[in-house]
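# Let's see this in three dimensions:
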Amino acid sequence: QVQLVESGGGLVQPGGSLRLSCAASGSIFNIYVMGWYRQRPGKQRELVADIPQWRSANYADSVKGRFTISRDNNNNTVYLQMNSLQPEDTADYYCYADLYEFYYSERTIHWGQGTQVTVSS
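Residues are numbered from 1 along each chain as shown. Alright, predicted model coming up:
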């Protein structure tokens with residue numbers, strides 16, 4: 001079975017930075033895409049950024065130029081470097097992995113438990 005464990009959320013002042021990490025472990029054969037969604041208060045969950053295996057990353061327009069996604073394929077880990085944070089970035093951030101799982105011999109999507117990011121002075 002597969003687990004995604006996130007870390008790195010917290011409280012930061014406007015203009016500050018945070019780095020989120022998400023490590024996938026378990027019965028993984030290959031990870032096709034890793035990424036981050038967020039859910040702001042009162043809003044639907046939205047894609048922040050994702051990074052396909054061996055391809056360029058994709059970003060929501062609202063975070064382009066401020067956030068950078070990267071992944072360590074050797075360690076099945078994805079990172080989200082968030083700079084110039086603004087109050088509207090306040091949300092619960094969820095990582096996900098689109099992967100092929102050994103145990104069920106199928107391609108599935110797994111989610112992390114979520115980490116809270118609060119941008120406030």
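
# Return the residues in contact with the residue nearest the centre of the chain.
Among the residues of the chain, the one closest to the centroid is W36, at 2.8 Å (C-alpha atoms, centre = their mean). The contact partners of W36, taken as C-beta atoms under 8 Å, 6 or more residues apart in numbering, are 20, 22, 47-50, 69, 78, 80, 93-96. Every C-beta, even on glycine, is put in place using the N, C-alpha and C of the backbone.

# Please apply the same query to A24.
V2, Q3, L4, I31, M34, N76, T77, A97, L99, H110.

# make it 7 Å
V2, L4, I31, N76, A97 (C-beta atoms under 7 Å, 6 or more residues apart in numbering).

# Okay, and the beta partners of E46?
Using DSSP bridges, the bridge partners assigned to E46 are R38.

# thought it was touching Y37?
Yes: contact criterion C-beta atoms under 7 Å: E46 and Y37 qualify, at 6.4 Å.

# more neighbours, those two?
Y37 (21 against 12; other C-beta atoms under 10 Å).

# State the distance from that one to L18.
Taking C-beta to C-beta, to the nearest Å as the criterion, Y37 is separated from L18 by 16 Å.

# next one: V78
Separation of V78 from L18 (C-beta to C-beta): 15 Å.

# Same drill for these two, tell me which one is more crowded.
Using other C-beta under 10 Å as the criterion, V78 and L18 rank with V78 on top: 29 against 21.

# list the contacts for that one?
Contacts for V78 (C-beta under 7 Å, 6+ apart) come out as C22, M34, I51, I69, R71, C95.

# Narrow those to those in strands?
C22, M34, I51, I69, R71, C95 (DSSP state E).

# May I see the buried residues of stretch 109-121?
H110, G112, T115, V117, V119 (16 or more other C-beta atoms under 10 Å).

# Once you drop chain neighbours, what's closest to Y32?
In space, and not counting its chain neighbours, Y32 is closest to D98: 4.7 Å by C-beta to C-beta, 6 or more residues apart in numbering.

# host element of that neighbour?
strand 91-101 (DSSP states H and E).

# Show the average pLDDT along stretch 114-121.
Per-residue pLDDT values across stretch 114-121 average out to 97.
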